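Student: sequence unavailable; structure follows:
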């Protein structure tokens, strides 16, 4: 088995692993090629002892053992593997049926609540989500609502609306077994007035301190950068709230558009508080949530973030289009394997 192309080997190993750990070995070749086109293409590029269409359990396990053996014999590859790093994807509940292989990932984020019209149909979707996730035993995250909501507002009615939607989202999270809810900060740096910043900070600390104290301490609430030029105010909010289950999430794609300091400086201020990282790309000017491998996002940036945050942090692919999920996962895994 030629190993001269490291990226292809990583993708091959990913495909093998996905097959071996799947709950069933009944995937036929057409379904595999439809759902995992990138990995299927890699299989076609090698002279394997068996083709995917006819591989039985023994053949799959033998092939996986070969791949694992090569990795262990390669000091470079073995040293750089990171079994604790969880790489997963964000999807809507109704997309889980379309991409069933995602249930083999170590972390999934459900992002239904990003749609401001979702609360009106959340009860019906909850049943769909619970059914789709019924056999899933790994980590579930949930995106919180954010459009027109703001925990840092001084407007009483907006505070009430924000709290109501957050409460509804929290109940949804508990019903699907989510262990973390990620809320976008809703801070607006373009206002650029010191009294706005101070009011936003004061109100945010009061809101989150009260809210975190009322949720299950085993559920993490994370505050994520949205339009921030700098992370300083978010760090102050987390440090002043001072609760072990109130942390930060880092949106790398948002940083690429809005950040006005180096990635090194940003991570120096935030890394110790980060629980999860969103990975997506863009052109550096518009927050298009493109898939990794396109746009300005680089492997160097992904690896810098992954190295700075905790080894058990969640790395979540957060693209708008889910059509190239397999390729995006392969790209991130290849980056991490060659850090």
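Tutor: Great, that's in hand. What you see is a predicted model; the values in this text were computed from it and never measured.
Student: which stretches of the stretch 51-200 of the chain form helices?
Tutor: Using DSSP state H, counting those that start in this stretch, the helices found in the stretch 51-200 of the chain span residues 57-73, 75-80, 122-132, 156-176, 194-212.
Student: least confident of those helices, on average?
Tutor: Mean pLDDT across the helices of the stretch 51-200 of the chain is lowest at helix 75-80; the value there is a mean of 30.
Student: any idea how far residue 302 is from the nearest residue to residue 229 once chain neighbours are set aside?
Tutor: Once its chain neighbours are removed from consideration, residue 229 has its nearest residue in residue 260; the separation is 4.0 Å (C-beta to C-beta, 6 or more residues apart in numbering). Placement of C-beta: from N, CA and C, glycine included. Noted for residue 260: a distance of 20 Å to residue 302, by C-beta to C-beta, to the nearest Å.
Student: do the same with residue 165
Tutor: With distances taken as C-beta to C-beta, residue 165 is found 32 Å from residue 302.
Student: kindly report the same for residue 283.
Tutor: From residue 283 across to residue 302, the span is 17 Å (C-beta to C-beta).
Student: more neighbours: these two, which one.
Tutor: residue 302 (21 against 13; other C-beta atoms under 10 Å).
Student: verify the stated contact: the more buried one with residue 336.
Tutor: Yes - counting by C-beta atoms under 8 Å, residue 302 touches residue 336, with 7.3 Å between them.
Student: can you list the domains in this structure?
Tutor: For the chain, the domain assignment from automatic domain parsing gives the residue ranges 6-79, 84-324.
Student: what's the least confident stretch among those domains?
Tutor: Comparing the domains of the chain by mean pLDDT, the weakest confidence falls on domain 6-79, with a mean of 41.
Student: quick check: residue 199 vs residue 121, distance?
Tutor: Applying C-beta to C-beta to residue 199 and residue 121 gives a distance of 34 Å.
Student: no wait, residue 156
Tutor: The span separating residue 156 from residue 121 equals 28 Å under the rule C-beta to C-beta.
Student: more neighbours, those two?
Tutor: When neighbours are counted by other C-beta under 10 Å, residue 156 and residue 121 differ, and residue 121 comes out ahead with 11 against 8.
Student: no more questions from me, cheers.
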